[in-house]
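Asker: here is my input, please return the structure:
(2 chains)
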Protein chains: 2
Amino acid sequence: MPTAAKIELLDALSGTGVRRIEAVSFVHPKAIPQMADADQVWAQVRKSPAVRYSALVPNSRGAQRALAAGFTEVEVVVSASDTHNKRNVNRSTGESLDDIAALIDELHGAGASAEVIIATSFGCPFEGDVDPKRVADIVDRVVADGADRIAFGDTTGMATPRRVTEVVTLVRERQPDIPVLLHFHNTRGTALANILTAMDLGITEFDASVGGLGGCPYAPGATGNVATEEVVHMLADMGIDTGIDLDALIEAAALAQRVVGRELPSGVLRAGPRTRLAS
Amino acid sequence: MPTAAKIELLDALSGTGVRRIEAVSFVHPKAIPQMADADQVWAQVRKSPAVRYSALVPNSRGAQRALAAGFTEVEVVVSASDTHNKRNVNRSTGESLDDIAALIDELHGAGASAEVIIATSFGCPFEGDVDPKRVADIVDRVVADGADRIAFGDTTGMATPRRVTEVVTLVRERQPDIPVLLHFHNTRGTALANILTAMDLGITEFDASVGGLGGCPYAPGATGNVATEEVVHMLADMGIDTGIDLDALIEAAALAQRVVGRELPSGVLRAGPRTRLAS
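Answerer: So this is what the prediction gives:
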């Protein structure tokens, strides 16, 4: 995606009423060349005062770039599965957790908050099921190390309502005070069912990507996050006010689809909202 | 789809553990030429004693064909929305309900049961929202006329958990004894969330189509039913024993995809079950 298109898309999104955007990732340009332009993107984005922007970083070098760019909300990732973590960053989960403890200190020292994303929280494509106790142990560790928020990543779309209930319930029992958000991919169609389940458990923050953009270079068969407009569309009809303008969001998804030049996995983008009448 | 492929697919499905299959539709060959071979298909299908087979019919002529072919479970359709019903069969909902009353008598007289499918139960692409009271009124009418079962069709994927709750709750209040099943299309991603909601309300029967095959010639933008394997996959991980062999079902979906020669809208077909490990 050209740099100008990323900026146009971020500006479109910030006008939809979303209150938080993961704007850029400060990963090494050789690891993910598509994200080498993070600094240029961020410098040119129109910063909306209504939006909290965050940056994803893989390590201290990335954190320093994020801080230098002015981010005060930073996200770091660790996989609950050792195999996935090794394929992702060539380190064990335990080694990454040590790194993250130091990163949290570094971010806090600079006045930024640290969200820890626990990838493969609901299953690993290499190891299979992931024991919720392992996920909860990681939560205990990163909370003790000062994490401000935890996101549970369903990296390859292995979450189901049962897995969501198990992880959320156990984590809530052990760490009732840490803010929790959930991050579903819709690989096997369960994303909205998972969100519904999580809402019944009291979760109110979810990651999603406009048009269902995305994927994971290290996870075979992975699709993007659940499409933001599919989430907002369902919630709107349930009478839940997300503050997001669905029509504007669908326009942003259409822009994303034009930019990537392939059909994005979003039924609401394809068919329009349920209230759009046929002639 | 060639006749032989239909037979092969039905035979594959009857070996998966599904207990009910809508096998053919006896519609007029000029209306839907793709289904003109219903008699040949049914004559050659291997009839599994473990499966209840049904046929969809639009009118008395179709009912006579179904009865002559030996079907003892027959489905008829009416749209809750007048506009959709008129586009579908060029009659008002009220006129179709009169026809259905006569059809039910005809079927019962021949020893067959009659399921009434109420299309656009959760919304109409031409009229928009459909009042649940209108749906419940139709249920009252067809129950009084002797319907054995009611299916609520989400013809163009307009159902959400809220709409499901409203329709099911009202119908259950008014007609607690009539068997109810739900029929979702996944046009806007909500199908599994809708099924989860319906299960919480006590519904245990759902229509689905292998691979998400299908659509609706009269409903613009309509996609097929929710893919059977996506439903079974979610339920299996929730510990619900459907009696269906997921691997055999995915093989049947792959067969369907080969036959139609285009990618079917099924994440579980594309990515495999969550337990399938990557190398």
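Asker: grab the nearest non-local neighbour of the residue of the stretch 1-150 of chain A found nearest chain B.
Answerer: Across the stretch 1-150 of chain A, the shortest distance to chain B (C-beta to the nearest C-beta) belongs to residue A:125, at 4.2 Å. The way it works is simple: take the backbone N, C-alpha and C, and place the C-beta from them, glycine included. With C-beta to C-beta, 6 or more residues apart in numbering or on different chains as the criterion, residue A:125 has its nearest non-adjacent residue at 4.2 Å, and that residue is residue B:278.
Asker: what about the one you found, how many residues nearby?
Answerer: As a burial measure, residue B:278 scores 17 neighbours (other C-beta atoms under 10 Å in any protein chain shown).
Asker: how close does it sit to residue A:83?
Answerer: Separation of residue B:278 from residue A:83 (C-beta to C-beta, to the nearest Å): 10 Å.
Asker: list residues touching both of those two?
Answerer: residue A:126 (C-beta atoms under 8 Å, 6 or more residues apart in numbering or on different chains).
Asker: contacting residues around residue A:255?
Answerer: A:8-9, A:12.
Asker: redo these as TSV? Include secondary structure, distance to chain B and pLDDT.
Answerer: Shown next, in TSV, are these (DSSP: H, G, I helix; E, B strand; the rest coil; distance: C-beta to the nearest C-beta, whole Å; pLDDT from 0 to 100):
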residue	secondary structure	distance to chain B	pLDDT
A:8	helix	25	98
A:9	helix	21	97
A:12	helix	21	98
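Asker: show me where the stretch 1-150 of chain A has its strands.
Answerer: A:20-25, A:52-56, A:73-79, A:113-119, A:149-154 (DSSP state E, counting those that start in this stretch).
Asker: make CSV out of those and add mean neighbour count and distance to residue B:223.
Answerer: Below are the strands of the stretch 1-150 of chain A laid out as CSV (neighbours: other C-beta atoms under 10 Å in any protein chain shown; distance: least, C-beta to C-beta, whole Å):
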stretch, mean neighbour count, distance to residue B:223
strand A:20-25, 19, 30
strand A:52-56, 20, 33
strand A:73-79, 23, 34
strand A:113-119, 23, 31
strand A:149-154, 24, 24
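Asker: need those in TSV (columns: distance to residue A:185 and mean pLDDT).
Answerer: Putting these into TSV (distance: least, C-beta to C-beta, whole Å; pLDDT from 0 to 100) gives the following:
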stretch	distance to residue A:185	mean pLDDT
strand A:20-25	15	97
strand A:52-56	16	98
strand A:73-79	14	98
strand A:113-119	11	98
strand A:149-154	5	98
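Asker: quick check, residue A:174 in contact with residue A:135.
Answerer: No: contact criterion C-beta atoms under 8 Å: residue A:174 and residue A:135 do not qualify, at 10.3 Å.
Asker: so for those two, which residue has more residues nearby?
Answerer: Neighbour comparison, residue A:174 and residue A:135: the larger count goes to residue A:135, with 24 against 14 (by other C-beta under 10 Å).
Asker: what helices or strands is the lengthiest helix in chain A leaning on?
Answerer: Of all segments of type helix in chain A, defined using DSSP state H, the longest is helix A:93-109. Helix A:93-109 sits against helix A:60-68, strand A:73-79, helix A:82-89, strand A:113-119, helix A:132-144, with contacts defined as 3 or more C-beta pairs under 8 Å, 6 or more residues apart in numbering or on different chains; DSSP states H and E.
Asker: got the angle between that helix and strand A:113-119?
Answerer: 160 degrees (axes from the mean of the first three to the mean of the last three C-alpha atoms, to 10 degrees).
Asker: for helix A:93-109, which positions count as buried?
Answerer: If you call a residue buried by 16 or more other C-beta atoms under 10 Å in any protein chain shown, then helix A:93-109 has these buried ones: A:93, A:96-97, A:99-101, A:103-104, A:106-107.
Asker: reformat the strands of the stretch 1-150 of chain A as TSV; add distance to chain B.
Answerer: Below are the strands of the stretch 1-150 of chain A laid out as TSV (distance: least, C-beta to the nearest C-beta, whole Å):
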stretch	distance to chain B
strand A:20-25	21
strand A:52-56	23
strand A:73-79	14
strand A:113-119	14
strand A:149-154	10
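Asker: tell me which of the ones you listed sits nearest to residue B:46.
Answerer: In terms of C-beta to C-beta, the element of these nearest to residue B:46 is strand A:149-154, at 39.9 Å.
Asker: after that closest one comes which helix or strand?
Answerer: With elements assigned by DSSP states H and E, the helix or strand that comes after strand A:149-154 is helix A:161-174.
Asker: right, so of the helices and strands packed on helix A:93-109, which gets closest to residue B:261?
Answerer: helix A:82-89 (34.8 Å).
Asker: can you list the residues that contact the closest one?
Answerer: Under C-beta under 8 Å, 6+ apart, the answer for helix A:82-89 is A:58, A:77-79, A:91-93, A:96, A:119-120, A:124-127, A:155, A:218-219.
Asker: average model confidence for it?
Answerer: Mean pLDDT, computed over helix A:82-89, is 94.
Asker: next: stretch A:225-237.
Answerer: The model assigns stretch A:225-237 a mean pLDDT of 97.
Asker: is it anywhere near chain B?
Answerer: Yes: against chain B, stretch A:225-237 shows contacts by C-beta under 8 Å from any C-beta of the partner chain at A:226-227, A:230, A:233-234, A:237.
Asker: from those residues, which land in strands?
Answerer: Using DSSP state E, no member of those falls in strands.
Asker: what subset of these is buried?
Answerer: Here, 16+ other C-beta under 10 Å leaves A:226-227, A:230, A:233-234, A:237 buried among the residues of stretch A:225-237 next to chain B.
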